[in-house]
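> Sequence and predicted structure below; questions after.
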Amino acid sequence: MNNQQTSILILDDEPIVSKRLKPSLEKRGYEVETFTSSAAALKRTHERQFDIVITDLKMEGLDGMDFLTDVKEKSPSTEVIVITGFATMETAKESFQKGVFDFLAKPFKIGEISEVIKKAEQKLKQSS
Amino acid sequence: MIKMNKGLLALDENLASSIALRYASRLVENLPLQLQAGHVEVPDNKHHSAGKGWVRRTWERGLIEAGQQAIQRLLNTEKVPCPFIGYPKVFIGERDDALLEELTDGHYDLFIEGNLNTSDVMDFDSLISSPLYTKTPCPILVVKNLVSSNTIALLCGDGVDHKSVIPRTLSLLSGNGLDFDLIFYRYMESEATISENKDEAGSALQEAEALLQNENLKPLNTQVISGTPESVARLLKKYKMVASAFPLRKSPRLELLAQCPSPVLLMKSAKQGEKS
Amino acid sequence: MRIVIALDTHSYSEAIVSEAAKLAANTWADITMLGVQPSSSGDMPDTDLEKRLRQYRKSFLSRFNEGDNPYGGVKGAGKFTSQNGGFLLTGDDKENEFRKKLHVKIRVGDATKEILAEAREQECDLIIIGCTKGLDCQWQGEIDLPRKIAQKADYSVLVIKERKTTDTISCCLDQDQVSQSSLEMINQMVTLHQAELKIVGLTDSLKAGGKEGVENKMAEILKYYADLELNPWIKLVRLEDLEEYVAQASRQGMIALWMGKKSLLGKIFSRDLVGKLVNTSQSSVMILR
């Protein structure tokens, strides 16, 4: 990772989530792309690499777990943060088994996810 | 050959209609049922034109367009795949009168509308004693909630004209993938519901079972349940719908159907004026 | 998700620790276990409260299997050190070793004020608090404290009066303001309890206009859930029937209330709204914000 803007992809089928996160993260200096369809997000991750991917789990079509598996396979250095509205012990465990950086249950405040993003950035810097 | 039934789905731009529309879109997957959407524009007395000729036609056209737009907004919002026979029909006039006229003239087999489950039994009492419900010539499906189950409860009991009601119910609901439970309900003042032995129900239940057998239908379960309407209604929420004879006013059955959160299918006996 | 669990030395607090641990096991939320003592006589916290909080922490962590625990194990006894006029339990373990935070804190001062201040500091999403079963709903001997917290907090508050199996979560709505975070909080509760969801519209029989607003909002909520392929039950309850409804519905589970600024509930129950609901309810009441 160099000194360029940290790139973040946000995938959540509820538009309100991206609508809330995008401006706030851009204000903090991140480059943000948002998607409500997992197919479109997957296509985008095949076109370019993101430093951080934030994804919901429960979605129509390709679900978040399959999406993050694909992201980690294709780009192991990308840090994935899972956000979910229907959290279970199993999904938390499975997420970490798949190598996600963190798991956040909704609702969360911007401050909470910002802290997690900062930690993920630190990890990226350390490993680069 | 299975007969294709024709149903009128009354729609307004409100929560009850949203639920009814969603429910109906699933129902047509299970039943040989074709739906016609209908909406009544009730004229506002203040702007109502008492004019004649061109003036009146313009006024009516305006109302019809407003009604069509309201239904289209509902359909656009809900985005459910509900196939209709044709374009939604918009009627002008008093709601009950207009729907009753359409139900009579259009030879419908079923009338469907949404009506929310409320805490006041009198709301349901007023509904079923309305001119629309008392005079409708076909069964009425009151949709209160969306239920995913594929089992229908056939409610029987003392004093119900099973001979008239059960065959009509089955002819309407014989479709794909639907199961039936036969529920014999008896009022009892008790906090908990009591599941009783079938013998306790006596000849009324035997009659209902025999009628089902005549139609080559075996219910998944036959239950005799006693309790207050409130407690038994909670048990009925697992059903896709509860099919019942049209209840008498102030009866425990009416209270049970009022409190039941699932959709309720009201069947009239031949004596009560339903076409056969 | 960030949760503040307000704990005192009474048995109901012990019961809510396991309830909170279940929620934490699902959500991996950051947790603050908070005790409040009225005054401090030096560098040491109240002995009884300190002992209880250590027990609660141990009990909380015992709910997690080795390997599934985002909060780490108990490494040593740790000690309460002074921090900002209160006390924080610190151990040999470094926070960064664990994925999620589990803080144990004691604040000094007025209980209501301190709980609300901690919630604000943590920017929490939920405050969990227990209380006595009786009509006065005491916390740490103070009558109606959970009601005060629920009324004043800017965050959702879960008051656990008596632990019961939650088959249904009945969410009452009397106005048209429903936040996204309140829906998300309900979703987590529904998932945790595998419960049915009921959206209850409260209608004022004297005001026809208000009913329309409530129904429109209910239609939006129904659509939100339909998109998630969930079917909540819908019911309309008249305001005059609400207490009877709460008494009955709380036998089957949790009662939740959307508390918007325009809430009519404030009018019908005046200042005692939450108190009355907590009193009438036989299980848990969640105030959603």
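Thanks, I have it.
> How are the helices of the stretch 1-150 of chain C distributed by residue range?
C:11-27, C:47-62, C:111-122, C:145-152 (DSSP state H, counting those that start in this stretch).
> What are the structural domain limits within chain C?
C:2-160, C:168-288 (automatic domain parsing).
> picking up where we left off before, can I get the helices of the stretch 1-150 of chain C in JSON lines with mean neighbour count, distance to residue A:93 and mean pLDDT?
Every residue, glycine included, has its C-beta placed from N, CA and C. As requested, these are exported to JSON lines (neighbours: other CB atoms under 10 Å in any protein chain shown; distance: least, CB to CB, whole Å; pLDDT from 0 to 100):
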{"stretch": "helix C:11-27", "mean neighbour count": "20", "distance to residue A:93": "10", "mean pLDDT": "94"}
{"stretch": "helix C:47-62", "mean neighbour count": "17", "distance to residue A:93": "17", "mean pLDDT": "93"}
{"stretch": "helix C:111-122", "mean neighbour count": "20", "distance to residue A:93": "25", "mean pLDDT": "96"}
{"stretch": "helix C:145-152", "mean neighbour count": "22", "distance to residue A:93": "33", "mean pLDDT": "87"}
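> between the ones you listed, which gets nearest to residue C:1?
Proximity to residue C:1 (CB to CB) singles out helix C:11-27 among those, at 5.1 Å.
> Quick check: the residue of the stretch 151-276 of chain B found nearest chain C vs residue B:64, distance?
Ranked by CB to the nearest CB, the top residue of the stretch 151-276 of chain B for proximity to chain C is residue B:261, at 5.6 Å. For residue B:261, the distance to residue B:64 (CB to CB, to the nearest Å) stands at 35 Å.
> And the two? Which one has more around it.
Comparing residue B:261 with residue B:64 by neighbour count (other CB atoms under 10 Å in any protein chain shown), the higher total belongs to residue B:261, at 21 against 16.
> ok, the more buried one touching residue C:232?
No. Between residue B:261 and residue C:232 there is no contact under CB atoms under 8 Å: 11.0 Å.
> picking up where we left off before, averaging pLDDT over each of the domains of chain C, report the lowest-scoring one.
Lowest mean pLDDT within these: domain C:168-288, at a mean of 82.
> Show the end-to-end separation of that domain, please.
Domain C:168-288 has an end-to-end distance of 16 Å (criterion: CA to CA, to the nearest Å).
> How about it and chain A, any contact?
Yes. Residues of domain C:168-288 contacting chain A under CB under 8 Å from any CB of the partner chain: C:180-182, C:184-185, C:187-188, C:190-191, C:228.
> Next, see if that domain gets close to chain B.
Yes. Using CB under 8 Å from any CB, we find that domain C:168-288 touches chain B at C:201, C:215-216, C:218-219, C:222-223, C:226, C:231, C:233-238, C:241, C:244-245, C:248.
> excluding its backbone neighbours, what's nearest residue B:219?
Leaving aside its sequence neighbours, residue B:219 sits nearest to residue B:182 (CB to CB, 6 or more residues apart in numbering or on different chains; 4.2 Å).
> can you tell me the helix or strand for the one you found?
strand B:179-187 (DSSP states H and E).
> Can you point out the buried residues in that strand?
B:180-187 (16 or more other CB atoms under 10 Å in any protein chain shown).
> any idea how far the residue of the stretch 151-276 of chain B closest to chain C lies from residue C:254?
18 Å.
> With residue C:132 instead?
From residue C:132 to residue C:254 the distance is 18 Å (CB to CB).
> Run through the residues that contact the closest residue to chain B within chain A.
Residue nearest to chain B within chain A: residue A:60 (13.2 Å; CB to the nearest CB). Listed by CB atoms under 8 Å, 6 or more residues apart in numbering or on different chains, the contact partners of residue A:60 are A:13, A:38.
> pretty sure it is in a strand, no?
No. Secondary structure of residue A:60, determined by DSSP: H, G, I helix; E, B strand; the rest coil: coil, with no strand assignment.
> on that earlier part again, so which of the buried residues of strand B:179-187 comes closest to chain A?
residue B:181 (31.1 Å).
> so who does that closest one touch?
With contact set as CB under 8 Å, 6+ apart, residue B:181 has these partners: B:151-154, B:219-223, B:239.
> In TSV: the helices of the stretch 1-150 of chain C, plus distance to residue C:85.
Below are the helices of the stretch 1-150 of chain C laid out as TSV (distance: least, CB to CB, whole Å):
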stretch	distance to residue C:85
helix C:11-27	23
helix C:47-62	15
helix C:111-122	10
helix C:145-152	20
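> Any chance of a markdown table for the ones you listed, columns distance to chain A?
A markdown table is the format used below for these (distance: least, CB to the nearest CB, whole Å):
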| stretch | distance to chain A |
| --- | --- |
| helix C:11-27 | 3 |
| helix C:47-62 | 15 |
| helix C:111-122 | 10 |
| helix C:145-152 | 17 |
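> Quick one: low-confidence residue ranges for chain B.
Scanning chain B for pLDDT under 70 picks out B:1, B:45-51, B:270-276.
> longest helix anywhere in it?
Criterion DSSP state H: the longest helix present in chain B is helix B:53-78.
> is the spatially most central residue of chain A in a bridge, and if so with what?
In chain A, the C-alpha nearest the mean C-alpha coordinate belongs to residue A:54, at 1.3 Å (CA atoms, centre = their mean). Here residue A:54 sits in beta bridges with residue A:10, residue A:81, as judged by DSSP bridges.
> Who are the contact partners of residue C:103?
By CB under 8 Å, 6+ apart, residue C:103 lies in contact with C:31-33, C:88-89.
> now for the residues you listed, which pair is the farthest apart?
Farthest-apart pair in the contacts of residue C:103 is C:31 and C:88; separation 13.5 Å (CB to CB).
> higher neighbour count, these two?
Neighbours were counted for residue C:31 and for residue C:88 using other CB under 10 Å; residue C:31 has more, 28 against 18.
> Do I have it right that that one meets residue C:3?
Yes. Judged on CB under 8 Å, residue C:31 makes contact with residue C:3 at a distance of 5.4 Å.
> Please enumerate the shared neighbours of these two.
C:20, C:24.
> Assign a three-state SS to residue A:120, would you?
Going by three-state DSSP: residue A:120 is helix.
> and the spatially closest residue to it that is not a sequence neighbour, how many neighbours does it have?
Closest residue to residue A:120 apart from its sequence neighbours, by CB to CB, 6+ apart: residue A:79 at 4.1 Å. Neighbours of residue A:79 under the rule other CB under 10 Å: 26.
> Next, work out how far apart residue A:79 and chain C are.
Residue A:79 sits at a distance of 13 Å from chain C (criterion: CB to the nearest CB, to the nearest Å).
> residue in the stretch 1-150 of chain B nearest to chain A?
residue B:79 (13.2 Å).
> What segments of the stretch 151-276 of chain B are strands?
Using DSSP state E, counting those that start in this stretch, the strands found in the stretch 151-276 of chain B span residues B:151-156, B:179-187, B:194-196, B:221-227, B:241-245, B:264-267.
> Could you list the residues in contact with the fifth one?
Here strand B:241-245 makes contact (CB under 8 Å, 6+ apart) with B:141, B:147, B:152-155, B:160-161, B:165, B:169, B:173, B:183, B:236, B:253, B:257, B:260, B:262-269.
> could you redo the last one with a cut-off of 6 Å?
By CB atoms under 6 Å, 6 or more residues apart in numbering or on different chains, the surrounding residues in contact with strand B:241-245 are B:152-155, B:160, B:165, B:169, B:236, B:257, B:260, B:262-265, B:267.
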